[in-house]
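1. Kindly return the folded structure for what I paste below:
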Amino acid sequence: MEKQKKSSIVLGLPKGSLQESTFALFKRAGFDVSCSSRSYIPSINDDEIKCRLLRPQEMSRYVELGLLDAGICGYDWIYENGSDVHEICELNYSKATSNPVRWVLAVPNDSKIKTVKDLAGKRISTEAIGLTKRYLKQHGVKADVEFSWGATEVKAPELVDAIVDLTETGSSLRANNLRIVDTILVSTTRFIANKASWKNAAKRRKLEQLKMLLTGALEARRLVLLKCNAPSKSLGKVVAAMPALHAPTVNALHGGDWFAVESVVEEKLVRDLIPALTAAGATGIIELPLNKVIF
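-> Residues are numbered from 1 along each chain as shown. You can find the predicted model right below:
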């Protein structure tokens with residue numbers, strides 16, 4: 001019991017736009033996380049992990065204070081809060097894609113604002129006050145920056161002259177007739193730890209295991225297992241056509257002059273790879289999804 005207590009970690013998971021994709025990532029990594037709509041304490045099928053559901057905006061502060069051993073949030077909020085935490089790894093996923101998200105300066109399509117210098121004396125609405133003020137200071141611009149409680153895109157031009165907002169695809173900005181003037185910060189999701197927790201050997205071991213499984217699950221999203229059979233006369237051509245992380249696996253089939261060939265390949269290559277393998281003499285080709293790939 002004492003050993004379990006020392007290795008138990010309190011893990012913050014992001015509530016909001018990242019919640020669904022985070023739970024899905026943990027599922028692929030082997031952890032079943034569930035939470036009712038009114039609860040902030042998710043359940044997880046690991047006795048050494050206690051989960052807490054928090055807004056990404058405040059995650060890094062609680063990790064820094066040691067109220068959480070570790071957490072998952074965007075680099076933008078670590079930067080916004082100026083949090084002194086240990087970054088375990090970068091996790092390349094977001095709400096809709098695997099692409100980074102961006103904090104951008106945006107204005108109405110018909111605005112006369114063309115550059116950051118044109119913001120002098122203007123009013124800007126944003127959730128990221130610190131980020132925006134640092135950006136303006138770097139460019140020597142004085143403007144009125146006010147906190148936005150949400151629905152930031154609809155505030156320009158009636159309430160403010162410009163906004164600084166988070167975008168992944170830009171679709172929401174376009175839908176609200178806004179154009180991007182500048183990208184202020186590019187952010188990806190980070191797995192972070194309290195520095196004292198990271199120095200605790202048992203907790204660090206658990207966090208490193210989490211890192212391995214989560215990054216393995218992310219790697220697997222772009223890869224598939226491709227398997228096929230080939231007669232001995234075609235084996236050389238099939239192996240030559242089959243890409244691999246290291247080299248394809250080849251096994252002799254029982255009772256005949258045939259071989260099984262399999263390899264982990266990038267999913268985006270499969271469309272062109274299957275016809276190439278068929279032309280090389282492969283048969284019985286199957287494609288299988290993967291949950292984790294550990295390098």
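2. Which stretches in the stretch 151-295 of the chain count as strands?
-> 162-167, 178-187, 189-193, 223-231, 249-252, 258-266, 283-289 (DSSP state E, counting those that start in this stretch).
3. And the fourth one, what's buried?
-> In terms of neighbour count (16 or more other CB atoms under 10 Å), strand 223-231 has its buried residues at 223-230. Glycine gets a C-beta too; all of them are placed from N, C-alpha and C.
4. Nearest to L91, out of those residues: which one, please.
-> L91 has its nearest neighbour among those in L223, at 16.7 Å by CB to CB.
5. The closest one contacts F295, doesn't it?
-> No. Counting by CB atoms under 8 Å, L223 sits too far from F295 to count as a contact (10.8 Å).
6. Now pLDDT too, for the buried residues of strand 223-231, in CSV please.
-> Supplementary listing: the buried residues of strand 223-231 in CSV, determined by pLDDT from 0 to 100:
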residue, pLDDT
L223, 96
V224, 97
L225, 97
L226, 97
K227, 98
C228, 98
N229, 97
A230, 97
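7. Quick one: residues contacting the residue nearest to T249 when sequence neighbours are not counted.
-> Spatially, and ignoring its direct neighbours in sequence, T249 is nearest to E262 (5.0 Å; CB to CB, 6 or more residues apart in numbering). Contact analysis of E262 by CB atoms under 8 Å, 6 or more residues apart in numbering lists 225-228, 248-249.
8. Now flag whichever of those is closest to W258.
-> Looking across the contacts of E262 and measuring by CB to CB, the closest to W258 is C228, at 10.7 Å.
9. Would you quantify the distance from that closest one to I286?
-> From C228 over to I286 the distance is 7 Å, taken as CB to CB, to the nearest Å.
10. ditto for T132
-> Where I286 is concerned, T132 sits at a distance of 52 Å (CB to CB).
11. and if you look at H246?
-> 21 Å.
12. Comparing the two, which shows the higher neighbour count?
-> Taking other CB atoms under 10 Å, H246 and I286 do not tie; I286 has more neighbours (11 against 7).
13. tell me the contacts of the residue nearest to the more buried one when sequence neighbours are not counted?
-> Distances taken as CB to CB, 6+ apart put K227 closest to I286, at 5.1 Å, once the chain neighbours are dropped. Residues in contact with K227 (CB under 8 Å, 6+ apart) are 260-262, 284-286, 288.
14. Next: V261.
-> Contacts of V261 by CB under 8 Å, 6+ apart are 227-230, 235, 238-239, 242, 248-250, 282.
15. what's next to stretch 8-21, contact-wise?
-> Applying CB under 8 Å, 6+ apart, the contact partners of stretch 8-21 are 22-23, 33, 40, 42, 47-56, 59, 62-63, 67-74, 93-95, 189, 197, 203, 206-207, 210.
16. Please narrow these to those residing in helices.
-> Using DSSP state H, the subset of the contacts of stretch 8-21 located in helices is 22-23, 56, 59, 62-63, 197, 203, 206-207, 210.
17. Now list the buried members of those.
-> Members of those classed as buried by 16+ other CB under 10 Å are 22-23, 56, 59, 62-63, 197, 203, 206-207, 210.
18. Burial check on the closest residue to S172 other than its chain neighbours, number of neighbours?
-> Leaving out its chain neighbours, the residue that sits closest to S172 by CB to CB, 6+ apart is E153, at 5.8 Å. The tally of other residues near E153 (other CB under 10 Å) stands at 19.
19. likewise F147?
-> With other CB under 10 Å as criterion, F147 counts 11.
20. Mind checking which residue lies nearest the centre of the chain?
-> Y93 (1.9 Å; CA atoms, centre = their mean).
21. Tell me the pLDDT of it.
-> Note for Y93: predicted pLDDT of 85.
22. could you point out where the chain is predicted with low confidence?
-> 1-7, 95-98 (pLDDT under 70).
23. Got the domain ranges for it?
-> Structurally, the chain divides into domains by automatic domain parsing as follows: 2-98+189-220, 101-187, 223-289.
24. Quick check: phi and psi on H86?
-> phi -90, psi 130 (degrees, to the nearest 10).
25. and it, bridged to which residues?
-> A193 (DSSP bridges).
26. so it sits right up against N194, yeah?
-> Yes. Counting by CB under 8 Å, N194 is a contact partner of H86 at 7.4 Å.
27. Which of the two has more residues huddled nearby?
-> Set H86 next to N194 and count neighbours by other CB under 10 Å: N194 wins out with 24 against 18.
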